[in-house]
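S.K.: Starting from these lines, generate the structure:
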Amino acid sequence: MVRGLIAWLTARLSRKLNAPVRLADAAGEPRDRIWLGSFGEDVAAAYLRSKGYRILARNFRGHRGGEVDVVAAHGRLLLFVEVKTRKAETKIRPLDAVDKTKQALITRGADAWLRRLGTREVPWRFDVIEVLVSEGRKPEVRHVRDAF
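M.R.: Got it, this is the predicted structure:
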C-alpha cells in the first residue's frame, strides 16, 4: 500500500514538471504567491527525483528557527535546497532573493539537520532551484549548485 502511494505521489509530481502551468484557478482568479511557492517546491522535488536524488524532507524546520525547502540526497551527498519560484516575465533573477539573511536561515536549518544525524562527516552543499512559470507553458527549472 505504501509503495502504491509513493508511486502515485511521484507520478503526480512528475506531471507538474511537464504540464503547462495555469496561473488562474478554475474560476479565473489569479493564483496567490502561497500557491506559486508550493507549486514551485513540487516542481523542484519532481526535478530532483528525475535526476536521481532522493527527497528526505520538505519544508524542514529546525528548532532554532532555521528552515530548508528541500533536503535531498544523491549517494552520500546531502543537499539543502532553497526553491525560488517567479513568473517568467520578472526582471530580477530568483537567485537574487537568496540574500545573506535568507542564507543564514537556511544554514541554521542545515545545522539542525546535521545535528539530528549526529555527524557533520558527510559531504553536503547548498543549492538553489529557480522555477520560472508562465501561463500555458511548462515550468523552466534552473539548478544552481553550490549557490552559497
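S.K.: okay, CA-based contacts and neighbour counts for the rest of this
M.R.: Noted.
S.K.: which one in this structure is furthest away from the centre?
M.R.: Ala27 (27.6 Å; Cα atoms, centre = their mean).
S.K.: sec struct for that one, please.
M.R.: What DSSP: H, G, I helix; E, B strand; the rest coil gives for Ala27 is coil.
S.K.: so where does Leu17 fall, helix or strand?
M.R.: helix 2-18 (DSSP states H and E).
S.K.: right, and the helix or strand after that helix?
M.R.: helix 33-50.
S.K.: Might you calculate how far that next one sits from the centre of the chain?
M.R.: 6 Å (Cα atoms, centre = their mean, to the nearest Å).
S.K.: Give me the sheet partners of the helix or strand that it is followed by and which way each runs.
M.R.: Later in the chain than helix 33-50, the nearest helix or strand by DSSP H and E is strand 54-61. Looking at strand 54-61 with DSSP bridges, its partner strands are strand 67-74 (antiparallel).
S.K.: Determine the angle, from 0 to 180 degrees, between the strand it pairs with and helix 33-50.
M.R.: Put simply, strand 67-74 runs at 10 degrees to helix 33-50, going by axes from the mean of the first three to the mean of the last three Cα atoms, to 10 degrees.
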